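> test case, fold it:
(chains A and B)
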Amino acid sequence: MKSIFSILKLTAVTFILLAVIYPLAIYAIAQVAPNQGKGETISVKGKVVGYQKIGQKFDKSNYFWGRPSAVDYNAAGSAGSNKGPSNAEYLALVQKRIDTLLLVHPYLKKSDIPADMVTASGSGLDPNVSPQGALIQVKRVAKERKLDEAKVKALVESKINSAVVGPETVNVLELNVAVDSLR
Amino acid sequence: MNTELIGVIGIFILTIILAIPVGKYIAKVFTGNKTLLDPIFNPIEKFIFKISGINPAEEMNWKQHLKALLSINMAWFFLCFFILLFQGSLPLNPDNNPSMTPDLAFNTAISFLVNCDLQHYSGESGVSYLSQMVLMFLQFVSAGVGIAAAAMVFTAMKERTTDKLGNFYNYFVKSCTRILLPLSVIVATALVFSGTPMTFEGKDAITTLQGDHVEVSRGPAAAFIAIKHIGTNGGGFFGANSTHPLENPTYFTNAVELWAQMIVPFAMIFALGFFLNKRKFSYIIFGVMTVGFLLLVIPTISSEINGNPAIAKMGIAQTTGAMEGKEVRFGPAISGFWSIATTVISTGSVNSMHDSAMPISGAMQLLAMMVNAFYGGCGVGYLNFYIFIILAVFISGLMVGRTPEFLGKKIEAREVKIAAFIAILHPLLILAGTALASYFAANDTAMGYWFSGNATGWLNNPGNHGFSEMLYEYTSSAANNGSGFEGLGDNNPFWNITTGIVLLLSRFIPIIGPLAIAGLLAGKKYIPESAGTLKTDTSIFGIMIFAVIAIIAALSFFPALALGPLAEFFTLK
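Purely as a prediction, here's the structure:
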């Protein structure tokens, strides 16, 4: 009997240390972190238009588009498609995405299209595309906005994040915010 | 692409180098030697023991260890089960998430209790912040229990005859306070400064740049994600686990989270060497594990980098490899590496969706969990490996015609029976479970209470891949891993209850077994080493262990792998 109370008391006191004091300590540290640990946001003219790390849906033709998403960029949830590599239904969907991209960008060859633009990300909220994924959209976006193509291309190139290790990325939201302010 | 491979190799080597001092530190914690952190933790632990009325110096035998371990786990189960069952009406629920159904609460409570974290719910909508706190508590203590059990086995392996094997509560509390807590604080701090949220405000509603309204889930994630990796738990805060851009925002956090899940299992092996003063023995063990790990990692990375042959046929560029279920910021190389790290180590967190991985990668992920002894989870990784050591000693002994001895103790019928039972239990649970589920799926049985609709309804993919989904779920449960081929519709009584039972059996029996063997051996007469003694710190013995592992895993699992991922591989060619 004594040992049961010991166990309960040990549980209570370790719970306070590990599940109350520890997260509160991290919460305190977060107060000096970017945006006090609430997630970094991007604002245009003082209005929050999105979270820097969270991808959002772009399907208007004057914007750069992100990757396909299994949750349609609904950030209240998150998921991948979980389709297996040999699933016929899935492969037909990929083919359809390729056809759509070619239809909207008639100037593209098939081999220009990078895999990330026709496959869904793991989280459904991928904020990035590969540099190639952004570059293939330059001509369309420039035409829609009646901008100089070279200028838009230079903007995309300036938005490529390359680190010492790891893949190169382009943050779609940041790119679109920048393209909005381009004259 | 080359920098991606450099990233993989760099993280792996850095973790090994850092694991040696951490291992030395862990050994000091359990021998009771002085460490730098004593001034902080001595008073805290003194307070904890005083409140609970526990004397940490009281020596226990192996049966007392087991009794303490099992009864405290029972208490935690009920605590967690009832909080999940009533979370909807309990405080700290800003998003108004509902209470769990009994079968889901059963599965969730067990799976966090056993360090598996098979999540059949989605973090954003399935649990309240209070439940996340309780689950975080279990992430600490389940890892602490694993390390404490390993510490008892370490103590029993000393060259002497005794039944006094230290105090379970002492090992357990120190594992939590001195090992898991400080490492978690470091990792959580790195995450918070890289953009992972740590806030108690609920969802945020925003209008996007092109004018859509969307809600963004946040929460006290950083603290949770740190212990999820340090404790090799793997239960994500968000549904998409470490693919989620807030859970794992950058390539740097990805490296930190990889380091975090590998550091304690690596360090435990080195700790064994420092603890027993048998450094060479620990290097042999580490070497065997590393060879096994690399044999799984290399084919995985290569098949992910080469991309999906079916998509290549469509004529597009796969310069970035297979991208379905992967994030652009990580790419295929480190995603492939992670998928094997997380399956050998029983973390089960994912930074890419395993269900969409290439067939060879899927086979390697499955094999990693089927072996379940290369590095392994916090503490329990060594316990699983210990079983293979006992079997290897026994077989080597038979080959030379001597009574097998291990570290000066005779291995006799009773120990070998326990070891063999545990070695067989793992394939039995996996294959029996998969057979049952496949039987229903093959007949498309109407499942009634167990599942709404017919059994094939739980599959997200047809054919061989569908079989792999079921095989993966039971393998992940039996390895206490927690990752999944997440397409499987697993939140229903059939999967919640059957995997719950597999989880329980495959956590506690493989802890009871090694503790019993170690306890029995510790009580035996110590025989000093002689010319005829089998040397356990040689590479020949390492090869012997590897052969035992390969035979047990390959022979029992090859048919299942052939039906699932291997068949899919050949259809994709």
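
> what distance do you get for the closest residue to A:Val164 other than its chain neighbours to B:Thr571?
Of all residues not flanking A:Val164 in the chain, B:Thr3 sits nearest, at 7.0 Å (Cβ to Cβ, 6 or more residues apart in numbering or on different chains). Bear in mind the C-beta positions are built from the backbone N, C-alpha and C, glycine included. Going from B:Thr3 to B:Thr571 by Cβ to Cβ, to the nearest Å gives 34 Å.

> and these two? Which one has more around it.
B:Thr3 (16 against 12; other Cβ atoms under 10 Å in any protein chain shown).

> in chain B, which segments are predicted with low confidence?
B:1-2 (pLDDT under 70).

> quick one: the strands in it?
For chain B, the strands defined by DSSP state E occupy B:204-207, B:213-216, B:405-406, B:409-410.

> list the buried ones in the first one?
Of the residues in strand B:204-207, B:204, B:206 count as buried by neighbour count, 16 or more other Cβ atoms under 10 Å in any protein chain shown.

> which residues touch it?
By Cβ atoms under 8 Å, 6 or more residues apart in numbering or on different chains, the residues outside strand B:204-207 that reach it are A:38-39, A:41, A:47-51, B:213-216, B:218.

> taking the centroid of chain A, which residue is nearest it?
Nearest to the mean C-alpha position of chain A, by Cα atoms, centre = their mean, lies A:Pro127 at 1.4 Å.

> check the secondary structure at the closest residue to that one other than its chain neighbours for me.
Distances taken as Cβ to Cβ, 6+ apart put A:Gly55 closest to A:Pro127, at 4.2 Å, once the chain neighbours are dropped. Secondary structure assignment for A:Gly55 (DSSP: H, G, I helix; E, B strand; the rest coil): coil.

> domain-wise, how is chain A divided?
Chain A breaks down by automatic domain parsing into domains covering A:1-38, A:40-180.

> pLDDT of the first one, averaged?
This points to domain A:1-38. On average, the pLDDT along domain A:1-38 is 91.

> hey, which helix is longest across chain A?
Ranked by number of residues, the top helix in chain A under DSSP state H is helix A:88-104.

> following the chain past that helix, name the next helix or strand.
Going down the chain from helix A:88-104, the next helix or strand is strand A:128-129, by DSSP states H and E.

> is that next one positioned near chain B?
Yes - among the residues of strand A:128-129, A:128-129 lie within reach of chain B under Cβ under 8 Å from any Cβ of the partner chain.

> paired strands for that strand, with orientation please.
strand A:169-171 (antiparallel) (DSSP bridges).

> quick check, B:Glu405 in contact with B:Ile390.
No - the pair B:Glu405 and B:Ile390 fails to qualify as a contact (Cβ atoms under 8 Å) at a distance of 11.4 Å.

> which residues are common contacts for those two?
B:Ile411.

> which of these two has more neighbours?
Set B:Glu405 next to B:Ile390 and count neighbours by other Cβ under 10 Å: B:Ile390 wins out with 26 against 20.

> distance check, the residue lying closest to the more buried one once chain neighbours are set aside against B:Gln365.
Spatial nearest neighbour of B:Ile390, excluding adjacent residues (Cβ to Cβ, 6+ apart): B:Ala419 at 4.3 Å. Look at B:Ala419 and B:Gln365: by Cβ to Cβ, they are 26 Å apart.

> looking at these two, which one has more neighbours?
The neighbour comparison of B:Ala419 against B:Gln365 (other Cβ under 10 Å) goes to B:Gln365, with 29 against 24.

> neighbours around A:Lys146, how many?
The tally of other residues near A:Lys146 (other Cβ under 10 Å) stands at 7.

> so who does the residue nearest the centre of chain B touch?
Residue closest to the mean C-alpha point of chain B, counted by Cα atoms, centre = their mean, is B:Ser346 at 1.8 Å. Neighbour list for B:Ser346: B:115-116, B:232, B:234, B:369, B:372, B:376-377, B:380-381, B:479-482 [criterion: Cβ under 8 Å, 6+ apart].

> and the residues you listed as TSV, adding distance to B:Phe546 and neighbour count?
Formatted as TSV, the contacts of B:Ser346 follow (distance: Cβ to Cβ, whole Å; neighbours: other Cβ atoms under 10 Å in any protein chain shown):
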residue	distance to B:Phe546	neighbour count
B:Asn115	25	31
B:Cys116	26	32
B:Thr232	23	36
B:Gly234	26	30
B:Met369	18	26
B:Asn372	15	29
B:Gly376	15	26
B:Gly377	20	35
B:Val380	20	31
B:Gly381	16	26
B:Ala479	19	32
B:Asn480	23	30
B:Asn481	21	29
B:Gly482	26	32
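
> out of these, the closest to B:Lys524 would be?
B:Val380 (24.3 Å; Cβ to Cβ).

> how about B:Gly453: what's its closest non-neighbour residue?
Excluding the flanking residues, the one nearest B:Gly453 by Cβ to Cβ, 6+ apart is B:Met447, at 7.0 Å.

> looking at the domains of chain A, which is closest to B:Glu159?
domain A:1-38 (31.8 Å).

> what count of nearby residues applies to the residue lying closest to B:Ala455 once chain neighbours are set aside?
Closest residue to B:Ala455 apart from its sequence neighbours, by Cβ to Cβ, 6+ apart: B:Phe440 at 3.8 Å. Other residues near B:Phe440 number 19, with proximity taken as other Cβ under 10 Å.

> same question for B:Thr101.
Quick note: B:Thr101 (other Cβ under 10 Å) scores 16 neighbours.

> now do A:Lys151
Residues lying near A:Lys151 (other Cβ under 10 Å) number 13.

> check which helix or strand it maps to.
Element membership for A:Lys151 (DSSP H and E) is helix A:149-158.

> run the chain-centre distance for that helix.
Distance of helix A:149-158 from the chain centroid (Cα atoms, centre = their mean, to the nearest Å) equals 21 Å.

> can the very next helix or strand once past it be found next to chain B?
Using DSSP H and E, the helix or strand that directly follows helix A:149-158 along the chain is strand A:160-161. No - applying Cβ under 8 Å from any Cβ, one finds strand A:160-161 separated from chain B by no less than 8.7 Å.

> got the residues of the stretch 301-450 of chain B near chain A?
So far as Cβ under 8 Å from any Cβ goes, the stretch 301-450 of chain B lies against chain A at B:307-308, B:310-311, B:314-331, B:334, B:350-353, B:355-359.

> thinking again about what came up before, reformat the contacts of B:Ser346 as TSV; add distance to A:Ala79.
TSV is the format used below for these (distance: Cβ to Cβ, whole Å):
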residue	distance to A:Ala79
B:Asn115	24
B:Cys116	20
B:Thr232	24
B:Gly234	17
B:Met369	22
B:Asn372	27
B:Gly376	29
B:Gly377	26
B:Val380	29
B:Gly381	30
B:Ala479	23
B:Asn480	23
B:Asn481	19
B:Gly482	16
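
> just to revisit the earlier point, does chain B have contacts with the longest helix of chain A?
Yes - judged by Cβ under 8 Å from any Cβ, helix A:88-104 comes into contact with chain B at A:88, A:90-91, A:94-95, A:98.

> just the buried members of these?
Neighbour counting over those (16+ other Cβ under 10 Å) leaves A:90-91, A:94-95, A:98 as the buried ones.
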